[in-house]
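Trainee: Quick one, fold the following:
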Amino acid sequence: MNLRIIFVSILLLATSVMVQVQGQGAPRRTVEARVKRVVDTLTTVFKFDKNVQDQTSAVFTDYYKATDKLREGLTDGERLDRTEMDKLVSERDEKLKKVLNEDQFKQYKEEIEPALRQRRRQG
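Mentor: Predicted coordinates for the structure are as follows:
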């Protein structure tokens, strides 16, 4: 009888630990790592010089810091407010339009941005 109680207790403890670990998910990349990935991709596609790289880096640094600030108050499983995210994306896009020319911005929105989002979901 005591052996069964001990076995069930160990099983429950192990199960609760596994559930807790699964709920945490993967750690987020740092702002710097996310910015580097985006700027490196854009530089490869558009052949940016150092000045444009710096301007683009500043735009995405501001954007990722703002999204992280929105995520700070959320609990596990809670989603970001879509209207707030749309506002941040619009602000980022307005800043990008000042850095990229019209064709580059169009290519970014139609090809590069969706590819970056897709890669994030897979990884």
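Trainee: make it CA atoms for all contacts and neighbour counts henceforth
Mentor: Will do.
Trainee: residue boundaries of the helices in the protein?
Mentor: Taking DSSP state H, the helices of the chain run over residues 2-24, 31-46, 50-72, 82-99, 102-107, 113-122.
Trainee: With mean neighbour count and mean pLDDT as extra columns, can I get the ones you listed in TSV?
Mentor: Formatted as TSV, the helices of the chain follow (neighbours: other C-alpha atoms under 10 Å; pLDDT from 0 to 100):
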stretch	mean neighbour count	mean pLDDT
helix 2-24	11	70
helix 31-46	15	93
helix 50-72	16	92
helix 82-99	14	93
helix 102-107	13	93
helix 113-122	10	69
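Trainee: From residue 83, how far out is residue 92?
Mentor: Going from residue 92 to residue 83 by C-alpha to C-alpha, to the nearest Å gives 14 Å.
Trainee: How about residue 48: what's its closest non-neighbour residue?
Mentor: Leaving aside its sequence neighbours, residue 48 sits nearest to residue 42 (C-alpha to C-alpha, 6 or more residues apart in numbering; 7.5 Å).
Trainee: Residue 105 contacts residue 98, doesn't it?
Mentor: No - contact criterion C-alpha atoms under 8 Å: residue 105 and residue 98 do not qualify, at 9.5 Å.
Trainee: Find the residues that touch each one of these two.
Mentor: Counting by C-alpha atoms under 8 Å, 6 or more residues apart in numbering, residue 105 and residue 98 have no shared contacts at all.
Trainee: Output stretch 31-49 as PDB, restricted to C-alpha atoms.
Mentor: The C-alpha coordinates for stretch 31-49 follow below in PDB (Å, rounded to 0.1, in the frame of the first residue of the first chain):
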ATOM      1  CA  VAL A  31      16.200  42.800 -29.500                       C
ATOM      2  CA  GLU A  32      19.800  43.000 -30.800                       C
ATOM      3  CA  ALA A  33      19.600  39.500 -32.300                       C
ATOM      4  CA  ARG A  34      16.200  40.200 -34.000                       C
ATOM      5  CA  VAL A  35      17.400  43.500 -35.400                       C
ATOM      6  CA  LYS A  36      20.600  42.000 -36.700                       C
ATOM      7  CA  ARG A  37      18.700  39.200 -38.500                       C
ATOM      8  CA  VAL A  38      16.300  41.700 -40.200                       C
ATOM      9  CA  VAL A  39      19.100  44.200 -41.100                       C
ATOM     10  CA  ASP A  40      21.300  41.400 -42.400                       C
ATOM     11  CA  THR A  41      18.500  40.100 -44.600                       C
ATOM     12  CA  LEU A  42      17.700  43.600 -45.900                       C
ATOM     13  CA  THR A  43      21.300  44.400 -46.500                       C
ATOM     14  CA  THR A  44      21.700  41.200 -48.500                       C
ATOM     15  CA  VAL A  45      18.700  41.900 -50.700                       C
ATOM     16  CA  PHE A  46      19.100  45.700 -51.100                       C
ATOM     17  CA  LYS A  47      22.900  46.000 -50.800                       C
ATOM     18  CA  PHE A  48      22.700  48.700 -48.100                       C
ATOM     19  CA  ASP A  49      25.600  50.900 -47.300                       C
END
